[in-house]
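In: Quick check, what structure comes out for this input:
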Amino acid sequence: MRPTPALRNLRSIRACFQRPEAQSFLNSAFSPYTQVMLAKRVGWTVVWYGAAVTGVLGWPLITSKLVYGKIGV
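Out: Predicted coordinates for the structure are as follows:
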């Protein structure tokens with residue numbers, strides 16, 4: 001079975017990305033893709049740690065607000 005033009009095109013695109021310079025660009029810190037992924041990862045890390053800290057440290061403040069009507073510090 002002969003490869004169709006679309007399959008040949010796909011293979012050539014894939015071959016371009018498998019070249020070392022393309023790989024190093026995609027994995028470099030200056031790649032826009034890498035920067036977006038890093039920003040998302042850092043963002044979610046901040047969200048999760050923020051939620052954890054709020055959950056651990058925030059409940060006494062929330063409880064005092066509910067019980068006494070003010071933050072008792």
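In: quick check: domain ranges of this structure?
Out: 1-30, 31-73 (automatic domain parsing).
In: Please produce JSON lines containing these, extended by mean pLDDT and mean neighbour count.
Out: In short, each C-beta sits where N, CA and C put it, glycine included. Below are the domains of the chain laid out as JSON lines (pLDDT from 0 to 100; neighbours: other C-beta atoms under 10 Å):
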{"stretch": "domain 1-30", "mean pLDDT": "69", "mean neighbour count": "10"}
{"stretch": "domain 31-73", "mean pLDDT": "83", "mean neighbour count": "10"}
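In: Residue 38 and residue 45, how far apart?
Out: 10 Å (C-beta to C-beta, to the nearest Å).
In: Repeat that for residue 8.
Out: 42 Å.
In: tell me which strands and helices the longest helix seen in the chain is in contact with?
Out: Criterion DSSP state H: the longest helix present in the chain is helix 32-68. In this structure, helix 32-68 packs against helix 20-27, with contacts taken as 3 or more C-beta pairs under 8 Å, 6 or more residues apart in numbering; DSSP states H and E.
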